[in-house]
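[1] need a 3D model of the sequence below.
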Amino acid sequence: MRKDLMDILVCPACKGQLTLTIENEINNEVETGAMNCVQCEVDYPISDSIPNLISPVKVT
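    Residues are numbered from 1 along each chain as shown. As a prediction, this is how the structure comes out:
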């Protein structure tokens with residue numbers, strides 16, 4: 001995942017801001033890591049450079 005995508009990505013559950021945690025980076029792309037929602041505190045994993053933004057919870 002390109003790091004500059006963090007400028008446009010939001011939490012799919014609450015539309016809150018996401019923070020990025022990088023575990024492994026190759027050629028300026030995040031290979032593995034996670035995005036965390038500041039508001040609802042949900043983690044979205046990044047595996048094989050693909051962010052999994054399927055919301056595990058529904059926030060009302």
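
[2] next, name the residue at the spatial heart of the protein.
    residue 35 (2.8 Å; C-alpha atoms, centre = their mean).

[3] which strand or helix spans it?
    strand 29-37 (DSSP states H and E).

[4] give me the helices and strands touching that strand, please.
    Applying 3 or more C-beta pairs under 8 Å, 6 or more residues apart in numbering; DSSP states H and E, we find strand 29-37 packed against strand 18-26, strand 43-47. (Glycine included, C-beta is placed from N, CA and C.)

[5] is it possible to export those to JSON lines including distance to residue 10, mean neighbour count and mean pLDDT?
    Below are these laid out as JSON lines (distance: least, C-beta to C-beta, whole Å; neighbours: other C-beta atoms under 10 Å; pLDDT from 0 to 100):
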{"stretch": "strand 18-26", "distance to residue 10": "7", "mean neighbour count": "13", "mean pLDDT": "96"}
{"stretch": "strand 43-47", "distance to residue 10": "11", "mean neighbour count": "16", "mean pLDDT": "96"}
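
[6] contacting residues for the closest residue to residue 17 other than its chain neighbours?
    Leaving aside its chain neighbours, residue 17 sits nearest to residue 38 (4.8 Å; criterion: C-beta to C-beta, 6 or more residues apart in numbering). Shown in contact with residue 38 (C-beta atoms under 8 Å, 6 or more residues apart in numbering): 16, 17, 18, 19.
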